[in-house]
Structures are given as C-alpha cells and as structure tokens.
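predicted coordinates and the sequence they were generated for:
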Amino acid sequence: MATADLLVDLQDDLATDDASNTLGKLKLSPLDEKSWPAENDNDEDLKSDKECSPEIVEPPPNLKWDDPFYDIARRQIVEVAGDDNFGRKVIVFSACRMPPSHQLDHTKLLQYLKITLDKYVESDYSVVYFHYGLTGQNKPSFGWLLEAYREFDRKYKKNIKALYIVHPTKFIKAILVLFKPIISMKFGRKVLYMNHLGELEQFLKCERMVIPPCVKKYDDTISASQKCVPPVQIKQLPHQQFGIGLLALRKKDPGNRTIPQVLEETVDYIKQHGLNKEGIFRRSANVCFVREVLDKYNNGIPVDYAVYGDVHLAAVMLKTFLRELPEPLLTYELYDQVVSFGGVPKNKQAETMAQMIQTLPTDNYTVLQYLLIFLHTVADNSELNKMTPSNLALVFGPTLMWAKDAAISLSAINPINYFAQSLLLNYNAIFCQM
C-alpha cells in the first residue's frame with residue numbers, strides 16, 4: 001500500500017526523457033484496467049487472519065478525541081521515526097496496524113498520510129514500509145491504490161531518497177510490476193528490499209524506530225529460519241568521535257576542548273558557506289562521502305570539507321554527530337518534561353526551560369548553548385536559507401531528544417519539535433536567567 005503511495009516519479013521522466021515516449025508507455029498499461037495480483041492461499045504472501053490479525057495499540061496520550069483524524073491517528077499506522085543514518089527524516093508505515101477494510105476510511109487515511117508528509121516533504125526524507133500484516137481483509141482496493149497514485153504529485157516525491165520495503169513478498173513485488181511501466185528508472189533505484197531488520201540496520205537505527213511487536217516477532221522467526229549471523233560488534237577506535245559521550249570526548253581530547261571537534265568544524269564551515277544556502281539542514285549528502293568523512297573522524301584523519309565542495313555534507317555530519325550520542329543532548333531525564341512542555345503557560349515557559357536546562361550535565365549545557373547560538377545565526381538568515389525557527393525545530397527536535405525505552409512516536413515528535421522551537425525563540429530570555 002505505502003509502496004504505491006510514493007511510486008510516482010513520472011514527472012522526473014518527463015523532465016529528462018521524451019515526453020511522447022513516456023506517455024506512450026502510460027497508454028500501453030492503463031492502470032484503470034488493472035486488478036490486484038491473484039492470491040494463492042498456499043502462499044506465504046498473505047498470511048491467514050489468525051496468523052496476523054491487525055495489531056491493536058493504545059491511542060497516543062497526546063491525541064485529542066475531537067481530532068478530525070482521531071480514528072486514523074489512534075491506530076498509529078503512520079509514524080515519524082527521527083532521522084536515518086544519512087540525516088533524512090524517516091516516515092514509517094505499518095500494514096499490520098490496518099484494520100479490516102470495512103472499519104477504515106481509506107480516503108481519510110490518504111488525507112492523513114498527506115498531512116503527515118506535508119511537514120517533511122520540503123526536506124529529503126525516507127519511507128519505511130513494514131509489509132508484514134497485510135491480509136485479504138485489510139488490503140485496500142486497487143481503486144484506492146490508483147487514487148493514491150494520482151494524489152501524490154511531485155511535491156511529495158521529489159525529495160524522497162529511499163523507500164525501504166521490509167519483509168517483501170511475491171505479492172508486493174507483483175504490485176511493483178503492475179506499476180513498472182510508469183515508474184521512472186530513477187525512482188526504481190530508490191526502492192530497497194529489506195528481508196529482515198538486520199539489513200535495515202545499516203541504514204537507520206532500528207531501536208529508535210516505531211516497529212510493531214508482531215513485526216519484530218515475525219523477524220525473529222525469519223532470522224531463526226535463515227540462521228542470520230548477528231552483526232559484529234565494532235570495537236571503539238582510539239580517535240573515535242561518533243557514538244561517544246560528551247564527557248568521554250572531552251577527557252580524551254588533547255586540548256580538553258569543551259566543544260567536540262566534529263561540532264566545531266561543521267559549524268565553522270556552515271557559517272562560512274551555508275548561511276545563505278536555501279534548505280541547509282534539509283538536504284542529504286552523498287552517501288559515500290558521509291561514510292568516508294565519518295571514517296576519517298573516527299580514525300583521526302583530518303577532514304577538509306572544502307575538498308568535497310558540498311556544505312550539505314557538513315550539515316549532515318553535524319546532525320549525525322548529535323544523533324549518534326549515546327544519550328540525547330537534552331538527556332533522558334528531561335524526556336517527560338519536554339513531551340509535556342506544551343501544557344506550561346506561555347508566561348512561564350522561558351522560566352521553566354531555564355530550570356530544565358540548569359539540570360543538564362555541564363558538557364551538555366555547554367554544547368547546547370553553543371548549538372543554539374549557531375542556530376540563531378542560521379535563523380537570522382532565514383530570508384536566504386528559508387530555515388526559520390519552526391523549520392529548524394522540525395529538523396533538530398528528534399536530534400536533540402528521543403526516548404530511552406521506546407521509539408519516538410508521532411504523538412511525541414510534535415511536542416519535542418515545539419520544545420526545540422521554544423528554545424530557539426526564547427534563547428535570550430532563557431540564558432539571561434542563568
């Protein structure tokens with residue numbers, strides 16, 4: 001289902017190929033004449049209702065009963081899972097949480113998906129689709145699939161960088177075959193099949209994702225049957241910069257610098273070359289370059305961003321450094337206060353934030369202040385870079401805070417983003433109280 005939501009890259013073809021040839025392909029395979037691939041009862045593609053009945057979840061605590069999308073949002077079919085390993089927002093779609101078709105308003109589901117994506121489509125983003133749990137009962141009609149195809153225009157597809165299909169079956173691959181005549185080769189390269197979660201781990205942190213328990217259980221079954229080898233634990237390198245706590249980094253730094261090397265170098269480069277760059281922090285960078293720079297830092301090799309000539313690379317490395325911290329910069333201890341911060345009266349918010357930040361460890365406080373000063377500078381140039389405090393909060397909220405014992409959910413990400421935006425807007429008032 002979510003696969004077809006974003007398998008619509010025709011306009012990219014029209015911009016690069018001969019338009020008449022492309023339209024000719026459309027005429028050769030009219031979607032209105034298509035139907036779902038035949039189901040084989042003996043196949044594993046669509047499990048029996050008993051084996052994978054729709055997963056029931058508790059409504060998000062911050063969801064109001066009078067929300068126009070309450071019935072959709074409460075099922076948590078669509079979630080946001082922070083960033084992947086390349087600095088791109090991750091949208092998660094779980095088929096196992098879809099109820100039987102007669103219990104779900106698919107038109108409203110489509111609207112809800114679009115509203116969710118609207119917050120992120122101006123940035124580079126990825127989609128993870130958990131296919132396990134799609135059954136004959138909750139499978140949407142092909143007519144709905146066609147409607148979704150028509151609804152998701154270039155606005156939604158131009159910045160999608162990857163579509164990870166987890167636990168693919170012959171059924172979902174058959175759907176892609178149906179759409180093949182009108183999917184560009186460019187988009188086809190963005191579709192990646194993940195046979196188990198271990199394969200997905202190389203692209204994003206699974207423990208911070210919203211992965212339904214039944215999907216995890218199914219994955220355990222697959223891993224056991226395939227005898228998947230667990231990932232090798234990588235030893236910490238002498239010059240390791242990523243994945244190290246701030247206190248440990250400062251102690252092992254020859255100059256005992258309070259601002260980590262990665263943060264200092266990326267901020268300096270962005271100040272010089274990125275303040276007037278439209279969409280700074282909203283674009284991803286070359287995957288190979290990201291891995292190369294990360295390896296250089298961890299092996300003590302000097303990094304010269306001028307060699308790469310891409311300021312977005314420095315922006316991605318900055319976000320990656322913060323995201324790779326063993327504990328979020330705002331710490332797990334403040335998680336509940338951050339998520340419930342929206343309930344604080346406006347005239348008490350600056351004072352409340354000041355009190356919260358005062359509880360941070362010294363290194364966290366110092367780095368947070370340094371980061372906020374820099375982001376203020378970015379926001380001051382928003383006429384050029386389009387990064388207002390609100391846009392910066394969307395990018396940095398999940399990078400500054402995530403839950404310790406659970407993946408960040410869509411119901412929590414909005415309050416976290418609100419807190420991040422409040423930090424930026426009230427910076428002077430907050431720190432003058434300290």
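Structure received. Residues are numbered from 1 along each chain as shown.

hmm, Thr352 is touching Val344, no?
Yes. The pair Thr352 / Val344 is scored as a contact, 5.0 Å apart, by CB atoms under 8 Å. Every C-beta, even on glycine, is put in place using the N, C-alpha and C of the backbone.

low-confidence ranges in the stretch 51-200 of the chain?
In the predicted model of the stretch 51-200 of the chain, residues 51-54, 61-62, 178-185 satisfy pLDDT under 70.

the strands in it, which residues?
Under the criterion DSSP state E, counting those that start in this stretch, the stretch 51-200 of the chain contains strands at 78-83, 89-94, 125-130, 160-166, 191-194.

surely Lys161 touches Lys89?
No. In this structure, Lys161 is not within contact of Lys89 by CB under 8 Å, at 9.9 Å.

those two: which is more packed in?
Lys89 (26 against 18; other CB atoms under 10 Å).

which residue is the nearest non-sequential neighbour of that one?
Tyr125 (4.2 Å; CB to CB, 6 or more residues apart in numbering).

what distance separates the start and the end of stretch 149-163?
Using CA to CA, to the nearest Å, the end-to-end distance of stretch 149-163 comes out at 15 Å.

ok so, going back, so the residue nearest to Lys89 bridges to which residues?
On the basis of DSSP bridges, Tyr125 is bridged to Lys89, Ile160.

surely it touches Arg88?
Yes. The criterion here is CB under 8 Å, and Tyr125 meets it with Arg88 at 5.3 Å.

and for those two, which residues touch both?
Common neighbours of Tyr125 and Arg88 (criterion: CB atoms under 8 Å, 6 or more residues apart in numbering): Lys161.

between these two, who's got more neighbours?
Shown here are Tyr125 and Arg88; by other CB under 10 Å, Arg88 has more neighbours (27 against 24).

what residues are up against the residue nearest the centre of the chain?
Centroid-nearest residue in the chain, with CA atoms, centre = their mean: Val90, separated by 1.8 Å. Applying CB under 8 Å, 6+ apart to Val90 gives the contacts Val80, Ala81, Gly82, Asp83, Asp84, Tyr125, Ser126, Val127, Val128, Leu204, Met209.

against Ile91, how distant is the fifth one?
By that I understand Asp84. Per CB to CB, to the nearest Å, Asp84 is found 11 Å from Ile91.

what touches both of those two?
Common contact partners of Asp84 and Ile91 (CB under 8 Å, 6+ apart): Ser126.

of the contacts of Val90, which is the nearest to Lys319?
Closest to Lys319 out of the contacts of Val90 is Asp83 (6.5 Å), distances taken as CB to CB.

out of the strands of the stretch 51-200 of the chain, which gets nearest to Ser382?
strand 89-94 (19.5 Å).

Val210 contacts Ala81, correct?
Yes. With contact taken as CB under 8 Å, Val210 and Ala81 are classed as touching, separated by 5.6 Å.

that older thread, can I get the strands of the stretch 51-200 of the chain in TSV with distance to Leu329?
Formatted as TSV, these follow (distance: least, CB to CB, whole Å):
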stretch	distance to Leu329
strand 78-83	13
strand 89-94	18
strand 125-130	22
strand 160-166	25
strand 191-194	29
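
of all those strands, which one is nearest Pro302?
It is, among the strands of the stretch 51-200 of the chain and with distance given as CB to CB, strand 78-83, at 26.0 Å.

and His167, how far is that from Arg208?
Distance, His167 to Arg208, using CB to CB: 19 Å.

which residue comes closest to Leu113 once chain neighbours are left out?
Leaving aside its chain neighbours, Leu113 sits nearest to Val78 (5.6 Å; criterion: CB to CB, 6+ apart).
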